[in-house]
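Visitor: Sequence plus predicted model, see below.
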Amino acid sequence: MTRLFFLLTLCLPGALFGQDVYKTHCASCHGVDRLGGIGPALLPENLERLKKPAAAAMIRDSRPGVQMPAFGDRLSRQEISSLVAFVYSPPAAEPRWGAAEIRASRVVHDPQPAEKPRHAADPLNLFVVVEAGDHHVSIVDGDRLEPIARFPSRFALHGGPKFSPDGHFVYFASRDGWISKYDLWGLKMLSEVRAGINTRNAAVSSDGKYVMVANYLPRGLVILDDDLNLVKTLDTGSRVSAVYDAPPRRSFIAALKDVPELWEISYDPNAEPIANGLVHDYRLKEGAFEPGFLNPRRTALGGVLDDFFFTPDYRDVIGAARDGKRGEVVNLDVRRTIASVELPGLPHLGSGITWLREGRRVIATPNLREGMVSVIDAGTWKTIREIRTLGPGFFLRSHEATPYAWVDSMMSPSGRDTLEVIDKRTLEVVKRLTAEPGKTLAHVEFDRYGRYALASLWEDDGALVVYDARTLQEVKRIPMRKPVGKYNVANKIGGSEGTSH
């Protein structure tokens, strides 16, 4: 069907015209097959968050801070429209990106990691800040609240960076499949590999030995070692929504987008043997793998889960169902659904947090469709409170050292410029903070001690807005180019209950 659609599309003058324009002006940077080169891949899956009018504007005018030139003085409006139609059309056949392509893509920038930190900052109180405005990353000293390094990133980093267990290295995943390893002690890029064509996110094992990559295209999982050499691929038969590390279980947990299954892949060499014909093993060393090691255990679900959250012991997963009415609780030990949770709208469980309230563990999640934060008792799986907010939000954050949880309403046209501070004891909104009226304020992250809350002024001429976590007063602003997210080393590797992992 895909090939027929493509052939029919090429019969149309506009599509054929666009193909010719692409070959002349785009192929040298984005690849003859549209899989990317100097520039990112230009396939429908990679462009799903970019609307066609925005793509046309990018072709015509470009934008500051990117290498792509503006083509408005070289291409007519009709040529730009036909080019947009072409890059949003599917290719004749699903692009191939297998073991050979992965291995051939690996680049070593610097083979020697730093043996100790080469800067004066606390290596565990660094923030890694992703700046989408010009595709850069800044490293910020969490004590002095000043940048100490800035470097270009791959196009459209996605899913949040992940850290090695000691905080020495940070790994980035880009939307078009590049995995990058950066040395936070030496402040330098070490190596990169392209693990897919359209990638959702990556996870790092708790022993620091493996990096697991979740792909939409090709459909499946890729396992790399800590130096980004290919270990093996797993054919899931489905797009992979996300993959996360479950440290106490010594395993990765992956949710599938098209199949109602949850996969657990153990990196324990003594894991119980598993027989599975879908595993393709590319061994780097003789005898490196034992039966059951890095192979999937499957849990059948009642439906596909779009997003999920772990309980602190990593025994239970609560996932959002597509019907927009409930959540499904899956116990990973017995490998079945054990409860349902009333969760209206579209909860963003991947941004959920947890804390102890009146001696009981609760889980809270923002909502992408409705203005609310749902608070759930993790023992009974009953909803305790639906806290009404200014509008749909994406991120909820807190820290063990603060009595407050911070939520944005960035999906709301009227409330996107305001953060709401919730008292974790009373479950009431106690403060609203607006940095710049009309400009998006989102994604709070705390320093390792919970002294400061850093929020993103999510604009091209934006900033990190630093608040005193106790007084809720603004302390300073650090200029940034659309800082879409910031990640504190200690909170991430220490498993802080107030942030995502």
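Guide: Looks like it arrived, so ask away. Residues are numbered from 1 along each chain as shown.
Visitor: I figured Lys486 hits His443, correct?
Guide: Yes - the criterion here is C-beta atoms under 8 Å, and Lys486 meets it with His443 at 6.9 Å. C-beta here means a position set from N, CA and C on the backbone, and glycine is covered the same way.
Visitor: domain ranges for this protein?
Guide: Domain assignment for the chain, taken from automatic domain parsing, gives 2-87, 97-259+261-300, 346-501.
Visitor: For Arg336, find the nearest of these.
Guide: Between Arg336 and the domains of the chain, the tightest spacing by C-beta to C-beta is seen for domain 97-259+261-300, at 6.9 Å.
Visitor: Any chance of JSON lines for the domains of the chain, columns mean pLDDT?
Guide: As requested, the domains of the chain are arranged in JSON lines below (pLDDT from 0 to 100):
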{"stretch": "domain 2-87", "mean pLDDT": "71"}
{"stretch": "domain 97-259+261-300", "mean pLDDT": "91"}
{"stretch": "domain 346-501", "mean pLDDT": "96"}
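Visitor: Columns distance to Arg335 on top of those, output as JSON lines?
Guide: Conversion of the domains of the chain to JSON lines gives the following (distance: least, C-beta to C-beta, whole Å):
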{"stretch": "domain 2-87", "distance to Arg335": "31"}
{"stretch": "domain 97-259+261-300", "distance to Arg335": "4"}
{"stretch": "domain 346-501", "distance to Arg335": "18"}
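Visitor: To Val330, which of those domains lies closest?
Guide: Between Val330 and the domains of the chain, the shortest gap by C-beta to C-beta is with domain 97-259+261-300, which sits at 6.0 Å.
Visitor: ok, now how distant is the spatially most central residue of the chain from Glu474?
Guide: Compute the mean C-alpha point of the chain, and by C-alpha atoms, centre = their mean the closest residue is Gly159, 0.6 Å away. Using C-beta to C-beta, to the nearest Å, we find Gly159 at a distance of 29 Å from Glu474.
Visitor: host element of the residue nearest to the residue nearest to the centre of the chain when sequence neighbours are not counted?
Guide: Distance criterion C-beta to C-beta, 6 or more residues apart in numbering; nearest residue to Gly159, sequence neighbours excluded, is Asn201 at 2.7 Å. Secondary structure here is read from DSSP states H and E; on that basis Asn201 sits in strand 198-204.
Visitor: what does that strand contact?
Guide: Residues external to strand 198-204 that are found in contact with it (C-beta atoms under 8 Å, 6 or more residues apart in numbering): 41, 43, 45-46, 158-160, 162-165, 171, 173-179, 195, 210-217, 226, 239-245, 252.
Visitor: Tell me the helix or strand right after the strand or helix carrying Val170.
Guide: In the assignment (DSSP H and E), Val170 maps to strand 169-173. Scanning forward in sequence from strand 169-173 by DSSP H and E, the next helix or strand is strand 178-183.
Visitor: packing partners for that next one?
Guide: If contacts are counted by 3 or more C-beta pairs under 8 Å, 6 or more residues apart in numbering; DSSP states H and E, strand 178-183 sits against strand 169-173, strand 188-194, strand 198-204.
Visitor: For the second one, C-alpha coordinates in CSV please.
Guide: Spelled out, it's strand 188-194. Below are the C-alpha coordinates for strand 188-194, written out as CSV (Å, rounded to 0.1, in the frame of the first residue of the first chain):
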residue,chain,number,x,y,z
LYS,A,188,33.9,17.3,25.5
MET,A,189,32.1,15.1,23.1
LEU,A,190,33.5,11.5,23.0
SER,A,191,31.6,9.5,20.4
GLU,A,192,28.4,9.2,18.4
VAL,A,193,26.4,6.6,16.5
ARG,A,194,23.2,6.6,14.5
